[in-house]
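*Asks:* One predicted model, sequence on top.
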Amino acid sequence: MAFQFLEDPVNQSTPKDSSHVRHAHLAIALHTFVALDHMRVFVPLLKTRRHIMPLATLTRGSVEAFGKANYVLSAESARDLIRRHLGLKIHELVSRVVNS
């Protein structure tokens, strides 16, 4: 459904021949890649059958990344897709400022 949003009139071009919906698509792909990368490291650690802290960290990171991808993907309109994508970006920037 997210690809149908490329044709929506809300989807405005950016100065570098891209669009806001395309940026959201890239973010979805990035979040999914990050989650899969966490899982790639997680599985070998699970096979050790030891309870170590990285398991919790990797689990949380993977769930958060998949959750972000799912949140943006579950948008019902192009406007909502862009709003969700930008909302996540703003939240990340605010978190960095607050925690620095």
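*Replies:* Everything's here; your move.

*Asks:* Could you pull up the mean pLDDT of whichever helix or strand residue 91 is part of?
*Replies:* Taking DSSP states H and E as the definition, residue 91 sits inside helix 78-99. Averaging pLDDT along helix 78-99 gives 92.

*Asks:* Remind me what it packs against, helices and strands.
*Replies:* helix 20-46, helix 53-73 (3 or more C-beta pairs under 8 Å, 6 or more residues apart in numbering; DSSP states H and E). C-betas here are computed from N, CA, C, even on glycine.

*Asks:* closest one to residue 79 among these?
*Replies:* Checking these against residue 79 by C-beta to C-beta gives helix 20-46 as the closest, at 9.8 Å.

*Asks:* Show me what counts as buried in that closest one.
*Replies:* By neighbour count on 16 or more other C-beta atoms under 10 Å, the buried set for helix 20-46 is 20-21, 24-25, 27-28, 31-32, 34-35, 38-39, 42.

*Asks:* can I get those residues in TSV with pLDDT?
*Replies:* Converted to TSV, the buried residues of helix 20-46 look like this (pLDDT from 0 to 100):
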residue	pLDDT
20	84
21	86
24	89
25	88
27	93
28	93
31	95
32	95
34	95
35	94
38	89
39	89
42	81
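
*Asks:* Identify the farthest-apart pair in these.
*Replies:* Farthest pair in the buried residues of helix 20-46, by C-beta to C-beta: 20 and 42, 32.7 Å.

*Asks:* What count of nearby residues applies to the nearest residue to residue 39 once chain neighbours are set aside?
*Replies:* Sequence neighbours aside, residue 62 is the residue nearest to residue 39 in space, at 5.3 Å (criterion: C-beta to C-beta, 6 or more residues apart in numbering). The burial count assigned to residue 62 is 19, neighbours taken as other C-beta atoms under 10 Å.

*Asks:* Please name the residues that touch residue 62.
*Replies:* By C-beta atoms under 8 Å, 6 or more residues apart in numbering, the contact list for residue 62 reads 35, 38-39, 42.

*Asks:* Need the residue closest to the centroid of the protein.
*Replies:* Geometric centre of the chain, nearest residue: residue 31, 3.4 Å, by C-alpha atoms, centre = their mean.

*Asks:* That's all I had, so thanks and see you.
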